[in-house]
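Asker: I would like the atomic coordinates for the input below:
(chains A and B)
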Amino acid sequence: MTAVPAHSTVTLLPAAQLAPLVHAYTAAMAAKRRRMVLGAALFVVALALALVGAEVNPATFWAKLGNFSSYFVRLAHLDTGASVLSDPAEWFWGLRKWSLLLGETVLIAYVGTVTGATVAFACCFLCSPALMPFAWVRMLVRRVLEFGRTVPDIVFALIFVVAFGLGPLPGVMAIAIHTTGALGKLFAEVVDNIDLNPVEGVRSSGGTWFAQVRFGVVPQVLSNFVSYALLRFEINVRGAAVMGFVGAGGIGEELITAIRKFFYSDVSAMLLMIVVCVMVIDSISERVRHRLLALEAR
Amino acid sequence: MRDSFLADRAGLATRHHATLRPDWRLRARVMGGIAVVIAIYIAGLVELEISPARILAGMDRLGDIVWLMLPPVPASTGRAVIYLDALGQTLAIAFLGTAAAAVLAVPFGFLAARNIVANALLRLMLRRGLDTWRSVDTLIWALVWINVVGLGPFAGALAIMTADIPAFAKLMREAIETADRRPVEGVLAAGGSRLAAIRFGIVPQVLPVLASQVLYYFESNTRSATIIGIVGAGGIGLVLSEQIRVLEWQEAAFIIGLVLVTVAIIDAASQQLRAAIIGRAGV
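Answerer: Below is the predicted model:
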């Protein structure tokens, strides 16, 4: 900045004008640097605290890191020691049982998502200032939705398993409640952003509250709602796959047993089935969502 | 006005024939779609053996449980201290997992970016690999890491890290691909080196976006970290599932309340931080 080559064509300001500018620049940069250093120091302190809090032990980690890669090697081998690819029939010996459980998992996600989306659909209009004149109702509905989405679905499942007994029902209920919370918020945001003219049109021609929602709001929001519900369904399939860990139905129970009992080839077979199923559902839902977007653009 | 319109319905229908004519094809498609959704739903209810009687009986017991949860206070201060300690562990797990994932995702993000790696085949394979990786749940990674490093919070932090790397890699790739070329060209045109071009041309564009995403993931990982304890990977989930299994409902309700308050505080704090970061980028 100070040493300007003689051949430079850049014209410099006179020193009297330049000095305050340079001074201001240096001060601004120093302030920025101070903030950076402060942030970095805070980060390092937090990191140190976290390392202690999470009982991180680099020695064990390095000693056992080999286990991680060898775990995947073991996943790829049958009990006999042969590679899983050498005998696919033996690898997928439980294909029938696992497919049924995987189907149950998808159904749990489906029923949970549809239930949750329906309740969220009913709730989202109650959060909108344009459609719900009573502030306390809006407040109440918003709080309930917030509760539903902040508590993780598997925690609901833990409690529901005690209340409803083992099986898919607590899983469905848990997913439904969490979905209501998550979708309710997204739906309410969509409703907040609609064009209010059609609603006023219906109201001014004497339409009831239901007519206002049906003809003023729903046509504007429906494709967005469906696409959010589909996204949620993708998430819920993943969630339903682990519901069985706490006894709430689906393939999770079989999977956690296999992991705990070190049935490596079973674990890899089931994981592969889950991954393929999730990817198939994701790609179908993505296609439907793109179609919906195209429909909306028309 | 409404009554006069309703009285003249037939007249309106003939005068505005084109506007009021129902679109039967669209209607059939919508109705058909709804019918399919409902049919699968009913089949699902039957298949999963969900009946109103079971739901009602369960609701009855759930009501009892909620009643037993009140008031949500722990039996002694000693227990409250244990829960707070577990909560701290959960935050540590979330923080470590997020930070480690953000760092480790950098190479994957760069390698999957279109404007960094020209080889389409390599890029496609990497992306498919990351997609597969992403579809494995945090809880499953927790179980795997427990087998490797043993029960405890360390396994939890590693699980969060492993589950987040592909997600961060995707965000990073998108941020890098959409970065504006012009600042880079500007730095190069002013005689800056290649390194200076990345430092002053790309990093200022990508960093605020990534930082705010990382914060967002820290929030969501706090939630994930509360549940991985259920399979034995440390933190407050472990204590919570223990208390639910021994039916100590007041304790369980206290822990859930604790989690809700913590998540709310972190939400608020990270919103402030995000605003600060994005605001600073605008300067």
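Asker: tell me the domain ranges of chain B?
Answerer: B:2-50, B:75-282 (automatic domain parsing).
Asker: Would you format the ones you listed as TSV with distance to A:Leu49 and mean neighbour count included?
Answerer: Placement of C-beta: from N, CA and C, glycine included. Shown next, in TSV, are the domains of chain B (distance: least, Cβ to Cβ, whole Å; neighbours: other Cβ atoms under 10 Å in any protein chain shown):
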stretch	distance to A:Leu49	mean neighbour count
domain B:2-50	45	11
domain B:75-282	7	19
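Asker: among the ones you listed, which is nearest A:Gly94?
Answerer: Smallest distance to A:Gly94 across the domains of chain B (Cβ to Cβ): 17.9 Å, for domain B:75-282.
Asker: The most centrally placed residue in chain B sits in which helix or strand?
Answerer: Compute the mean C-alpha point of chain B, and by Cα atoms, centre = their mean the closest residue is B:Ser220, 5.3 Å away. For B:Ser220, the element it lies in under DSSP states H and E is helix B:203-228.
Asker: what about that helix, average pLDDT?
Answerer: What helix B:203-228 shows for mean pLDDT is 83.
Asker: Which other helices and strands does that helix contact?
Answerer: helix A:153-164, helix B:77-112, helix B:138-149, helix B:153-177, helix B:236-245, helix B:249-282 (3 or more Cβ pairs under 8 Å, 6 or more residues apart in numbering or on different chains; DSSP states H and E).
Asker: Using a markdown table, lay out these together with mean pLDDT and distance to B:Gly129.
Answerer: Listed next are these as a markdown table, based on pLDDT from 0 to 100; distance: least, Cβ to Cβ, whole Å:
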| stretch | mean pLDDT | distance to B:Gly129 |
| --- | --- | --- |
| helix A:153-164 | 89 | 27 |
| helix B:77-112 | 87 | 9 |
| helix B:138-149 | 86 | 16 |
| helix B:153-177 | 87 | 8 |
| helix B:236-245 | 88 | 29 |
| helix B:249-282 | 81 | 30 |
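Asker: nearest to B:Leu48, of those helices?
Answerer: Of all the helices and strands packed on helix B:203-228, helix A:153-164 comes closest under Cβ to Cβ, at 11.7 Å.
Asker: And the contacts of the closest one?
Answerer: A:169-171, A:173-175, A:177-178, A:239, A:242-243, A:245-248, B:54-55, B:57-59, B:61-62, B:65, B:139, B:226-227, B:230, B:240-241, B:244, B:247, B:252, B:256 (Cβ atoms under 8 Å, 6 or more residues apart in numbering or on different chains).
Asker: Which of those fall within strands?
Answerer: Where the contacts of helix A:153-164 are compared with strands, as defined by DSSP state E, there is no overlap at all.
Asker: got a list of what the residue of the stretch 1-150 of chain A found nearest chain B touches?
Answerer: Here the stretch 1-150 of chain A gets closest to chain B at one residue, A:Gly53, 3.0 Å apart by Cβ to the nearest Cβ. If you count contacts by Cβ under 8 Å, 6+ apart, A:Gly53 has them with B:Gly88, B:Gln89, B:Leu91, B:Ala92, B:Ile93, B:Pro153.
Asker: ok, now with 7 Å
Answerer: B:Gly88, B:Gln89, B:Ala92 (Cβ atoms under 7 Å, 6 or more residues apart in numbering or on different chains).
Asker: do you know how far A:Gln52 is from B:Phe154?
Answerer: Let me fix one detail, which is that residue A:52 is Val and not Gln. 11 Å (Cβ to Cβ, to the nearest Å).
Asker: For stretch B:39-54, give the mean pLDDT please.
Answerer: Rounded mean pLDDT across stretch B:39-54 is 87.
Asker: Endpoint to endpoint, it covers what distance?
Answerer: 21 Å (Cα to Cα, to the nearest Å).
Asker: how about that stretch, does it reach chain A?
Answerer: Yes: Stretch B:39-54 reaches chain A (Cβ under 7 Å from any Cβ of the partner chain) through B:Ile40, B:Tyr41, B:Gly44, B:Leu45, B:Glu47, B:Leu48, B:Ile50, B:Arg54.
Asker: Same question for stretch B:241-260.
Answerer: Yes: using Cβ under 7 Å from any Cβ, stretch B:241-260 reaches chain A at B:Ser241, B:Ile244, B:Ile256, B:Leu260.
Asker: Closest to B:Gln205 out of those residues?
Answerer: B:Leu260 (36.4 Å).
Asker: out of everything not next to it in sequence, what's closest to the closest one?
Answerer: A:Thr150 (5.5 Å; Cβ to Cβ, 6 or more residues apart in numbering or on different chains).
Asker: Could you report the neighbour count for that neighbour?
Answerer: 19 (other Cβ atoms under 10 Å in any protein chain shown).
Asker: now swap in B:Ala57 and tell me
Answerer: B:Ala57: 14 neighbours (other Cβ under 10 Å).
Asker: same deal with A:Asp282?
Answerer: Neighbours of A:Asp282 (other Cβ under 10 Å): 19.
Asker: Surely it and A:Glu234 touch.
Answerer: Yes: proximity of A:Asp282 to A:Glu234 meets the contact threshold set by Cβ atoms under 7 Å, at 5.3 Å.
Asker: Take the residues of stretch B:39-54 next to chain A and keep only those in helices.
Answerer: B:Ile40, B:Tyr41, B:Gly44, B:Leu45, B:Glu47, B:Arg54 (DSSP state H).
Asker: contacting residues for A:Phe68?
Answerer: B:Val148.
Asker: Any buried residues in the host helix or strand of it, and which?
Answerer: In this assignment (DSSP H and E), A:Phe68 forms part of helix A:58-75. For helix A:58-75, a neighbour-count test (16 or more other Cβ atoms under 10 Å in any protein chain shown) marks A:Lys64, A:Phe68, A:Tyr71, A:Leu75 as buried.
Asker: and the angle for that helix with helix B:138-149?
Answerer: 110 degrees (axes from the mean of the first three to the mean of the last three Cα atoms, to 10 degrees).
Asker: Residues touching the following helix or strand past helix A:58-75, excluding its own?
Answerer: Later in the chain than helix A:58-75, the nearest helix or strand by DSSP H and E is helix A:88-91. By Cβ under 7 Å, 6+ apart, the residues outside helix A:88-91 that reach it are A:Leu78, A:Val84, A:Ser265, A:Ala269.
Asker: domain ranges for chain A?
Answerer: Using automatic domain parsing, chain A is parsed into the domains A:17-56, A:62-91, A:94-297.
Asker: Return the nearest residue of the stretch 151-283 of chain B with respect to chain A.
Answerer: B:Pro153 (4.3 Å).
Asker: and the stretch 101-250 of chain A, which of its residues are near chain B?
Answerer: A:104, A:107-108, A:110-111, A:114, A:150-152, A:154-155, A:158-159, A:162-164, A:168-169, A:172, A:205-206, A:238, A:241-242, A:245-246.
Asker: Can you flag the buried ones in the residues you listed?
Answerer: A:104, A:107-108, A:110-111, A:114, A:150-152, A:154-155, A:158-159, A:162-164, A:168-169, A:172, A:238, A:241-242, A:245-246.
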